[in-house]
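>>> Need a 3D model of the sequence below.
(2 chains)
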2 protein chains.
Amino acid sequence: MSVHSKFERLATDNAPGQEVRQREGGLEQIMRGAPLGGVPVDFSHGDVDAHEPTPGAFEVFEAGVRVGGRQAYTEYRGDRGIRAEVAARLAGFTGAPIDPDEELIITPGTQGALFLALASTVGRGDKVAIVRPDYFANRKIVEFLEGEIMPVALDYLGHEQGTAGIDLAALEAAFAAGARVLLFSNPNNPTGVVYSRAEIETIAALAKRFDAAVIVDQLYSRLRYTGVDYTHLRALGGDRVVTIMGPSKTESLSGYRLGVAFGAPDIIARMEKLQAIVSLRAAGYSQAVLRTWFNEPEGWMADRTAQHQAIRDDLLERFRRMQDITVRTPEAGSYLFLKLPHLAVSYGDFVRLLRVQAGITVTIGTEFSPDCGDSIRLNFSQDHAAAVAAADRICTMVDLYRKTAP
Amino acid sequence: MSVHSKFERLATDNAPGQEVRQREGGLEQIMRGAPLGGVPVDFSHGDVDAHEPTPGAFEVFEAGVRVGGRQAYTEYRGDRGIRAEVAARLAGFTGAPIDPDEELIITPGTQGALFLALASTVGRGDKVAIVRPDYFANRKIVEFLEGEIMPVALDYLGHEQGTAGIDLAALEAAFAAGARVLLFSNPNNPTGVVYSRAEIETIAALAKRFDAAVIVDQLYSRLRYTGVDYTHLRALGGDRVVTIMGPSKTESLSGYRLGVAFGAPDIIARMEKLQAIVSLRAAGYSQAVLRTWFNEPEGWMADRTAQHQAIRDDLLERFRRMQDITVRTPEAGSYLFLKLPHLAVSYGDFVRLLRVQAGITVTIGTEFSPDCGDSIRLNFSQDHAAAVAAADRICTMVDLYRKTAP
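I've put the predicted structure just below:
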């Protein structure tokens, strides 16, 4: 594939956060009614002003700056002392040991970790099992690496809490057809569903049987709601598992750009080699902020989780008043994925109308799966009242643009 | 190429900053004499404790954290307001306008910018003209992208101040053979030589004639010593030029991981698409630090330059006492590239002995060119007295390990 055609496929116009670069022309002809007013809400990402960064994070950064050169210039895989701290805490959280020297790398955000992990395991023409829907960059990275995507459906609407709904037969078929890498997020982004122990056990068993590498994005695995069981894939063994996490979401530390990947030492070693030419290292001073991670003040995490659960429940209550919006209750994380009814405008135009007419930014479902063009993703880590008011406006907009029988 | 063989070639064991991961065994058998003592000096990168970050940088970062979500979540190409400030200052510095909306991207370090610029222009099998010696990552990135390197020699020792010594006939031949991308650093890393106006004009003319993209790494173009003329390639026109700079070196702001690329809007647009899947954006809060760039207190840059020129001159005086160390006077930046005499040990072992016996970390020349195995690079942005003492120890080590006629 030429570099030109490669970039033709690498569209970011609908990616979360890039809406400011979208054209807004041509909506006048299709707009129904007047602007709705209300406080603008950007559901494309969390509002770190409404849910503030971990207490003490900035102070730890400042201490890192005071350390000076030693903190600015770390090994490419990150500062040894910080890796040791983080490895111990993540081992406790995930239920399996982590060698800080060989099994963990600090990256510029979890995005950096995802790219490095895939680029370290996927060559041109290699088959990669990708869940649909799942985080939008997964597909784009595999395409950039000229890998071949083997889609595995997640029937999240066909299952209830306790089962994510992955098509395990399709996963086995993908492995049987030659896929040697599986990438998926758990909790799933965009739906917020959590894989059951049985699902994770089957994934682990299949990966072992086919000697496949598994990259599991657990970015939201700390923010779990009442009554949800969570199984860490890496706790089930397997020497080709890489887990990706980071303090950017639940902890509102996105502005520092921090992620970690941990697991298979051979893959971690490749990731460091590649990081050396992609970005050298996560910002040295920022790395210090990881000292606050899994080390928050007593009760802080429980509070944050309760706040998000309350917002989730209020939004679900609004959306479920609508007979023709379909949504499954997210079990973790801060995403809601709404399946919309038939509309009189295209879903792409509806998303633009939401922004222009209702002051609401959302991410269209095609970013997550070609089959989800009728869905939108909301990151509900927002100001509670503003989010609820915006949910009401979304319902109003659906009413305005609903396709009525001819 | 399989992903396995790709990573086999992507070695980082001798890369600057990674020395801590090197094995040190086996040196006892070849060591001559006792440890030399003295203050350890790590010449693999600058000492940001000896030459501190720009005054006010931390305060601007702190203000960025206070801004909150808007600073944490910028467009992938970086905050619009900061791009506007930086574009205006860089336009003044380089002598040609920059559209902040279309012609500039903020990246995680200049390393990030280099990777994105190459990955946006080089596809598998594409020929790329690379200068030898030049920054070590250039070659590695092209290899990772499965491009074909067309080496262009820089005869830096065969020329005097005022001419870098690029083999322009070889460059023309590379273009004639199909290369459509040229990548080089000016000032050159590792030698510190600056290209003459005539050299830059010929490069620009050749690039236009062959419609080649030129990526020019000008990381050290601010730190220029007395009597040095500097020509910005982009000021000569050409719509396929991308210039890379950043505040990590001269300004000692490495710990914030900031770089910028500016120029050809189509390449910048691709770089942003790719950044979206590689690292999303430069750390949002760090971006704020760019407000201090080219905006330092009166006289600060002149002082910093004078300090470095004084260190350079003292080191050169030491090394030139040795009849058989060859070094050209660097005209800009903070690198010295020493060509060593024949030694009784391999140069790789000598570099390890320097570290173990003399407390001195340097980077071996093979990182910059396969032809420079007898050379070592020193970043002399160090404490002045410690650097001079370390230079004396390097001379002592050369005396100790010099190959005497049989």
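>>> so which helix or strand takes in the residue sitting nearest the centre point of chain A?
Centroid-nearest residue in chain A, with CA atoms, centre = their mean: A:N189, separated by 4.8 Å. Using DSSP states H and E, A:N189 is not contained in any helix or strand.
>>> can I assume it is in contact with A:Q218?
No - using CB atoms under 8 Å, A:N189 is not in contact with A:Q218; the gap is 10.6 Å. Backbone N, C-alpha and C define where each C-beta goes, glycine included.
>>> Distance check, A:A204 against A:L236.
From A:A204 across to A:L236, the span is 4 Å (CB to CB, to the nearest Å).
>>> returning to what we had before: which residue is the nearest non-sequential neighbour of the residue nearest to the centre of chain A?
A:Y135 (4.5 Å; CB to CB, 6 or more residues apart in numbering or on different chains).
>>> again with A:E251
Distances taken as CB to CB, 6+ apart place A:T54 nearest to A:E251, at 4.8 Å, with adjacent residues excluded.
>>> now the residue of the stretch 251-400 of chain A found nearest chain B, what's its secondary structure?
Residue nearest to chain B within the stretch 251-400 of chain A (CB to the nearest CB): A:G255, separated by 3.3 Å. Following DSSP: H, G, I helix; E, B strand; the rest coil, A:G255 is assigned to helix.
>>> Equivalent analysis for A:G178, please.
coil.
>>> Skip the chain neighbours and tell me the closest residue to it.
A:K127 (4.8 Å).
>>> re the thing from before, would you confirm that the residue nearest to A:N189 contacts A:Q218?
No - using CB under 8 Å, A:Y135 is not in contact with A:Q218, being 11.7 Å away.
>>> So for the two, which residues contact both of them?
Residues touching both A:Y135 and A:Q218 (CB atoms under 8 Å, 6 or more residues apart in numbering or on different chains): A:S185.
>>> Do a quick rundown of the helices in chain A.
Counting by DSSP state H, one finds helices in chain A at the ranges A:3-9, A:57-67, A:69-72, A:80-94, A:109-119, A:136-144, A:168-176, A:197-210, A:265-278, A:284-287, A:300-321, A:347-358, A:384-401.
>>> rank the ones you listed by pLDDT, which is bottom?
Of all those, helix A:3-9 carries the lowest average pLDDT, namely a mean of 85.
>>> What distance do you get for A:E317 to A:D392?
The spacing between A:E317 and A:D392, counted by CB to CB, is 11 Å.
>>> just to revisit the earlier point, what count of nearby residues applies to the residue nearest to A:N189?
The tally of other residues near A:Y135 (other CB atoms under 10 Å in any protein chain shown) stands at 23.
>>> confidence score at it?
The model's pLDDT for A:Y135 equals 95.
>>> Could you do A:E160 as well?
Value for A:E160, per-residue pLDDT: 89.
>>> Next: A:V20.
For A:V20, pLDDT reads 67.
>>> ok, back up a step: quick one, what contacts the residue nearest to A:N189?
Contacts of A:Y135 by CB under 8 Å, 6+ apart are A:L114, A:S185, A:N189, A:P190, A:D217, A:F368.
>>> Ignoring the adjacent residues along the chain, who's closest to the fifth one?
Which is A:D217. In space, A:D217 is closest to A:S185, 4.0 Å off (CB to CB, 6+ apart).
>>> I figured the one you found was touching A:V214, is that so?
No - taking contacts as CB under 8 Å, A:S185 lies outside contact range of A:V214: 11.9 Å.
>>> re the thing from before, format the helices of chain A as TSV; extra columns: distance to chain B.
Formatted as TSV, the helices of chain A follow (distance: least, CB to the nearest CB, whole Å):
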stretch	distance to chain B
helix A:3-9	4
helix A:57-67	5
helix A:69-72	3
helix A:80-94	8
helix A:109-119	4
helix A:136-144	5
helix A:168-176	18
helix A:197-210	17
helix A:265-278	5
helix A:284-287	4
helix A:300-321	16
helix A:347-358	15
helix A:384-401	13
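>>> residues contacting the residue in the stretch 101-250 of chain A that chain B sits nearest to?
Nearest to chain B, among the residues of the stretch 101-250 of chain A, is A:G123, at 3.5 Å (CB to the nearest CB). By CB under 8 Å, 6+ apart, the contact set of A:G123 is A:L145, A:G147, B:M1, B:S2, B:V3, B:H4, B:K6.
>>> Tell me the spacing between the fifth one and B:R393.
In other words, B:V3. 42 Å.
>>> Let me know how buried A:Y335 is, in neighbour terms.
Using other CB under 10 Å, A:Y335 is surrounded by 25 other residues.
>>> Surely it touches A:N189?
Yes - judged on CB under 8 Å, A:Y335 makes contact with A:N189 at a distance of 6.0 Å.
>>> Quick check: neighbours shared by the two?
Residues touching both A:Y335 and A:N189 (CB under 8 Å, 6+ apart): A:Y220.
>>> Tell me how many other residues crowd the spatially closest residue to A:Q71 that is not a sequence neighbour.
If the residues on either side of it in the chain are set aside, A:Q71 comes closest to A:G64, at 4.5 Å by CB to CB, 6+ apart. When neighbours are defined as other CB under 10 Å, A:G64 has 24 of them.
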